[in-house]
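Asker: when you get a sec, could you give me coordinates for this:
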Amino acid sequence: MNPFTYVHAHDQADALRRGGAADAKYLGGGTNLIDLMRETIERPATLVDVTGLSADIVELPGGGLRIGAATKNTALAEHRAVRARYPLVARAVLAGASPQIRNMATLGGNLLQRTRCAYFYDRAAHCNKRAPGSGCDAIGGVNRYHAILGTSGSCVASHPSDLCVALAALDAIVHTDRRAIPFTALHRQPGERPDLETTLEPGELIVSVELPVLDMRSTYRKVRDRASYAFALVSVAAALAVDAGRITDIRIALGGVGTVPWRARKAEDALRGRPPTEASFHAAADAELADAQPLAHNAFKSGLARRAIAAVLGELAS
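Answerer: Got it, this is the predicted structure:
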């Protein structure tokens, strides 16, 4: 690990002043950043601890919630309003990691965690995300956990977060010190620059996340190789409203299959106004996955995602 300076921000203004340097990084729970520093993938000269910033969960007029970026994942999942109104969020957090990590990890840090692609962590491998222009060994390598949607010839790494999938489905809003960002506009698909992972500007600080009102049944399901502390092969965050035998509103987002938290808008468009039947759900999943680009070891994800989408929507419609 390279030498670095650690400072604790007293307030938002102090964090912005210290975190504006090009070689500085904001530090939340450190559950991802410190690992990357140990592997010398991240080499900040200064760590600005922002865990002293707001961790409040505030009721908004009309029924939404505003969640401080320093809120710990455990506190988020256990909050009464989150569990009652946004069960997909609570379930995504609980599916995401071990209790020890949930007790440390923050909301803001969760949004900015980096891929767990083995080639990204292996400094002997070629990885455009870690070293732009070096190539991508995952494309021809062991790629069981990699993405099938939003990929490019430069990168096929999947996004690791469970919580981000739920927030994408909700149309959450990320508030920074400078602006409000629709959640689905926060993360970048890799294109030719997989090293540019978000639309945040240098030194920009995530302050809070706003959850809009959700007047639908919702849930989150994660399919993985083992029951605990494993990243998703496929995950589905969904919310559904049905009236008079027709789907009036629907939200679907996918994890494990995309290079970003994947909002399944094609599937949503295929289902609005349709009856909530298994045939409709499978047809919508097929529409979403029509552009999938499977690799040698992850072609099974298309079928798995199709079945998971249908199962989750069937549960919500029942």
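Asker: ok now stretch 86-95, how far from the chain's centre?
Answerer: Taking the mean of its C-alpha atoms, stretch 86-95 sits 12 Å from the chain's own mean (C-alpha atoms, centre = their mean, to the nearest Å).
Asker: same question, stretch 101-111
Answerer: Worked out by C-alpha atoms, centre = their mean, stretch 101-111 lies 12 Å from the chain centre.
Asker: now the end-to-end length of it.
Answerer: One end of stretch 101-111 sits 15 Å from the other (C-alpha to C-alpha, to the nearest Å).
Asker: just stretch 98-108 next, same as before
Answerer: Taking C-alpha to C-alpha, stretch 98-108 runs 18 Å from one end to the other.
Asker: per-residue confidence averaged over it?
Answerer: Across stretch 98-108, pLDDT averages out at 94.
Asker: the domain parsing of the protein - what is it?
Answerer: Using automatic domain parsing, the domain parsing of the chain gives 5-51, 219-317.
Asker: same list, these, but as a markdown table with mean pLDDT, distance to H126 and mean neighbour count please.
Answerer: Where you see a C-beta, it was placed from the backbone N, CA and C, and this is true even at glycine. Formatted as a markdown table, those follow (pLDDT from 0 to 100; distance: least, C-beta to C-beta, whole Å; neighbours: other C-beta atoms under 10 Å):
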| stretch | mean pLDDT | distance to H126 | mean neighbour count |
| --- | --- | --- | --- |
| domain 5-51 | 94 | 14 | 17 |
| domain 219-317 | 97 | 16 | 19 |
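Asker: okay if I get the ones you listed as JSON lines plus distance to G203?
Answerer: Below are those laid out as JSON lines (distance: least, C-beta to C-beta, whole Å):
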{"stretch": "domain 5-51", "distance to G203": "4"}
{"stretch": "domain 219-317", "distance to G203": "22"}
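Asker: between these, which one is nearest to R116?
Answerer: Proximity to R116 (C-beta to C-beta) singles out domain 219-317 among those, at 5.8 Å.
Asker: alright, that wraps it up for me.
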